[in-house]
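J.: just to be clear, the model below is a prediction. Sequence and coordinates:
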Amino acid sequence: MAQRKSSNCGLHLVNTDRDCNTCDLPKKCIGDGLDKTQSESISSLIKSRGPFQAGEPIFRMEEPFRSIFAIQSGSVKVASSLDDGTPLIHGFYFAGELVGIEAIGDTHYQNDAVALETTWICELPFDKIESLCIEIPKLQHEILELLGKRIRYTNSTIVRGRYLSADKRFLLFLNDLYQRKGTINANGDRVVTLPMTKGDIAIHLGLRPESLSRALSKLQEEGIIQNRSREIQILDENQEVFSCLWV
């Protein structure tokens with residue numbers, strides 16, 4: 001398949017048609033439940049881009065905001081830094097989710113979006129999506145719901161989480177991660193594969209790496225998780241552990 005480097009944000013552009021009706025994602029990233037004509041309207045706007053390898057940017061902070069991006073496969077972290085260079089990681093996003101929506105209402109992206117692994121995306125030019133929202137109110141409602149969900153996650157995991165111990169903070173994060181991309185193995189255990197490093201998780205949760213390491217050891221000793229290098233197993237006998245997070 002022919003591939004060229006696009007001048008826009010350093011993106012890789014693949015000349016291929018993309019039909020939302022035939023997308024293999026279990027739930028469409030945007031416009032799920034629209035009729036065929038409405039889905040085709042969205043499909044006609046999409047540019048499929050990739051592959052991005054681990055560490056490659058989808059967009060950079062301060063680049064002009066033009067598009068939102070749906071992750072077709074792979075994963076992305078959204079990051080920035082403080083004035084003194086301290087790194088911040090605002091979130092991790094996976095197949096079927098959108099990045100760039102936090103720039104809606106601004107003229108530039110406020111963060112970097114970087115691939116965590118081999119990743120393919122669909123680019124949706126926002127000016128055209130905005131016009132479609134006028135024609136399709138359900139689409140506008142869905143985008144507002146996504147923004148609300150992003151705010152709720154920030155409030156629960158980051159804002160409220162800062163008052164929790166390191167182990168509870170991690171469990172809150174792990175529960176959210178499982179809801180979004182977890183699987184169940186042959187033994188009935190809940191498993192989350194981590195495309196990000198433990199160091200990235202620590203930064204995201206506002207913890208020192210050694211604090212996260214101690215929290216993981218504590219949770220494993222208590223039989224709540226099985227900690228592996230790139231996988232966390234939530235042990236079967238602790239299925240209800242997350243309900244006690246705010247006690």
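T.: Looks like it came in fine. Numbering: from 1, shown residues only.
J.: could you pull up phi and psi at the residue sitting nearest the centre point of the chain?
T.: Against the mean C-alpha coordinate of the chain, by C-alpha atoms, centre = their mean, the closest residue is Tyr93 at 1.0 Å. The phi/psi pair for Tyr93 (degrees, to the nearest 10) reads phi -130, psi 150.
J.: identify the residue nearest Gly206 in space, chain neighbours excluded?
T.: Among residues not flanking Gly206 along the chain, Arg162 sits closest, at 6.2 Å (C-beta to C-beta, 6 or more residues apart in numbering). In short, each C-beta sits where N, CA and C put it, glycine included.
J.: that neighbour belongs to a helix, doesn't it?
T.: Yes. Checked against DSSP: H, G, I helix; E, B strand; the rest coil, Arg162 lies within a helix.
J.: picking up where we left off before, hey, what's the residue nearest to the centre of the chain bridged with?
T.: Val76 (DSSP bridges).
J.: same check on Pro57?
T.: Here Pro57, judged by DSSP bridges, has bridge partners Val114.
J.: for burial, what's the neighbour tally of it?
T.: Burial of Pro57 is recorded as 16 neighbouring residues (other C-beta atoms under 10 Å).
J.: distance of it relative to His90?
T.: 15 Å (C-beta to C-beta, to the nearest Å).
J.: how about Leu45?
T.: For Leu45 relative to His90 (C-beta to C-beta), the value is 26 Å.
J.: ok, Thr157 next?
T.: In terms of C-beta to C-beta, Thr157 sits 11 Å off from His90.
J.: please name the residues that touch the nearest residue to Ile225 once chain neighbours are set aside.
T.: The shortest distance from Ile225 to any non-neighbouring residue, by C-beta to C-beta, 6+ apart, is to Leu219 (4.7 Å). Contacts for Leu219 (C-beta atoms under 8 Å, 6 or more residues apart in numbering) come out as Asp167, Phe170, Leu171, Ile225, Asn227.
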